[in-house]
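Colleague: dropping a prediction and its sequence here:
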Amino acid sequence: MKKSTFLKFAVLFFAATIIQAQDIINPTSATTILTAEFGSSLINTINGSGLDTFPSLSASHSGTNPGTAFYATNDTGIIDFDLGGSYLVDGLSFWNANATGPPQTGVQDIIIYSSEDGVTYTPISGAPTSFTEAVTTSSNAEQFSFAEITASFIRFELISNYGSSAFIGFAEVAFSGIEAEVVENVINPVSATTTLSAQFGSSLDNTINGAGLDVFPTLSGTHGGTNPGNAFYATNNTGTIDFDLGGSFLVDGLTFWNTNAPGPGATGIQGVIISSSEDGTNFTPISGAPSTFAQVVTPSSAAEQFSFTEVTASFIRFDILSNHGDPGNLVAFAEVAFSGVETLGVTDSVLEESISLYPNPASDVIRINNTSNIGLEGITVYDMNGRIVIQHLVTDNSHNQTINVSELSSGVYMVQIYSNQVHTMKRVIKN
């Protein structure tokens with residue numbers, strides 16, 4: 001496999017979704033437009049109060065009362081549950097208000113929605129549209145499953161209760177699914193050139209290699225005290241810095257770390273024009289890109305993050321216009337990284353569309369079928385820590401390959417299928 005192919009995979013891998021073990025999802029908070037009654041609290045419905053086991057999707061809930069459930073004035077209304085992160089949600093358990101509380105108050109008709117941002121909500125296909133009335137002095141878990149959705153928030157729109165003209169209530173709710181942590185789509189330039197004159201033995205390479213960062217690669221790490229060994233200092237002048245991204249990317253933002261207080265004061269970049277190019281020759285200013293960077297006066301630099309309309313770029317140019325007032329005629333910065341994803345070429349797209357992988361989930365083997373005329377060179381299976389767990393070289397020119405995964409632990413893996421020039425990635429679940 002060519003080195004360039006591996007580097008491309010590294011970018012794609014960091015853009016992948018890390019899947020963790022199946023888990024109970026207990027919301028971290030909940031809000032509502034309904035008016036609470038009897039001193040009850042919506043928190044009672046997510047903190048396990050009244051359950052015989054917590055956390056649980058199948059426990060029994062004891063007699064409901066204002067200390068273990070939520071009662072509100074009977075009305076249509078909305079309850080929003082914050083899951084505390086991004087999840088692949090595939091079901092829920094619900095415990096209705098039972099006979100020990102005000103009669104006929106349990107939630108009956110409902111619409112359930114999901115949202116990734118807490119603003120835009122979409123009805124969940126297959127989610128329940130009604131809950132069962134609990135007529136005994138305890139509530140059993142009412143369990144539901146539906147097609148997996150990505151969500152950070154779940155909304156209950158309460159439509160009706162079981163007949164009470166005064167109140168509506170329920171005891172507890174929990175969700176099931178798999179936590180989905182989206183790793184930063186970091187693009188670290190492979191090289192950089194400048195018209196500026198370096199000072200103090202500093203190097204422009206320091207600004208793209210993670211020197212001084214507490215985490216690398218990152219779009220959100222912290223940079224330690226800047227010095228010529230982990231930052232770039234130059235004679236203060238207008239000039240350009242060109243960053244080679246090492247390929248074609250859809251770039252939608254950047255993170256910048258300016259020089260901080262331990263270095264020469266006020267040297268950090270202030271005014272800047274940021275442009276993109278596909279060929280390294282013709283550059284166009286990026287609409288929405290920052291035109292200034294903040295001065296850092298503390299002994300460390302927090303990530304200054306920016307987003308803009310996506311551009312296709314292989315090169316990014318900084319036109320340096322000014323610093324923050326350094327009287328010693330210097331301009332400097334610590335680190336830069338960009339966000340985005342690799343642009344697939346025509347042949348990459350062909351391979352992507354032509355590869356099928358099955359069964360998925362798999363227990364013993366996975367079969368890979370290639371319907372394109374692109375000859376495969378190899379197949380590499382990575383675990384979610386980026387370690388190679390299977391390396392399979394294609395030696396028979398067959399477009400159908402079988403990979404034995406029986407020895408792998410249960411979990412999620414990334415499968416890279418590649419030829420001499422192109423590659424594609426597939427995700428597989430091992431039972």
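Modeller: Here it is on my side, so go on. Just so it is clear, the structure is predicted and the values come from calculations on it, not from any experiment.
Colleague: the closest residue to residue 370 other than its chain neighbours: what's it in contact with?
Modeller: Distance criterion C-beta to C-beta, 6 or more residues apart in numbering; nearest residue to residue 370, sequence neighbours excluded, is residue 399 at 4.1 Å. For glycine as for every other residue, the C-beta is placed from the backbone atoms N, C-alpha and C. By C-beta atoms under 8 Å, 6 or more residues apart in numbering, the residues touching residue 399 are 369, 370, 371, 372, 376.
Colleague: give me that answer again for 10 Å
Modeller: Residue 399 sits next to 354, 355, 368, 369, 370, 371, 372, 373, 374, 375, 376 when contact means C-beta atoms under 10 Å, 6 or more residues apart in numbering.
Colleague: and what of residue 249?
Modeller: Taking C-beta under 10 Å, 6+ apart, one finds 11, 185, 187, 276, 310-314, 316, 338-343 in contact with residue 249.
Colleague: quick one: low-confidence ranges for the protein?
Modeller: Confidence mapping of the chain against pLDDT under 70 gives the ranges 1-22, 181-183, 344-351, 385-386, 421.
Colleague: can you pull out the helices in it?
Modeller: Listed in chain order, the helices of the chain (DSSP state H) span 3-15, 346-354.
Colleague: endpoint to endpoint, stretch 31-39 covers what distance?
Modeller: Taking C-alpha to C-alpha, to the nearest Å, the span from the opening residue of stretch 31-39 to its closing residue is 16 Å.
Colleague: can you check stretch 196-203 too?
Modeller: Across stretch 196-203, the terminal residues are separated by 11 Å (C-alpha to C-alpha).
Colleague: excluding sequence neighbours, find me the nearest residue to residue 101.
Modeller: Leaving aside its chain neighbours, residue 101 sits nearest to residue 64 (4.4 Å; criterion: C-beta to C-beta, 6+ apart).
Colleague: and residue 27, by the same measure?
Modeller: residue 81 (3.9 Å).
Colleague: thought that neighbour was touching residue 155?
Modeller: Yes - judged on C-beta atoms under 10 Å, residue 81 makes contact with residue 155 at a distance of 7.5 Å.
Colleague: which one's more surrounded, those two?
Modeller: residue 81 (26 against 19; other C-beta atoms under 10 Å).
Colleague: what sits against the more buried one?
Modeller: Each residue near residue 81 by C-beta under 10 Å, 6+ apart is listed here: 25-32, 42, 45-46, 92, 151-156, 173-175.
Colleague: okay, and the beta partners of it?
Modeller: Judged by DSSP bridges, the bridge partners of residue 81 are residue 30, residue 154.
Colleague: check the contacts of residue 399 and tell me the two furthest apart.
Modeller: The most widely separated members of the contacts of residue 399 are 368 and 373, with 15.7 Å between them, by C-beta to C-beta.
Colleague: which one of those two has more residues nearby?
Modeller: A direct count of neighbours by other C-beta under 10 Å for residue 368 and residue 373 places residue 368 higher, at 22 against 8.
Colleague: show me which of the contacts of residue 81 are buried.
Modeller: In terms of neighbour count (16 or more other C-beta atoms under 10 Å), the buried residues within these are 25-27, 30, 32, 42, 45-46, 92, 151-156, 173-175.
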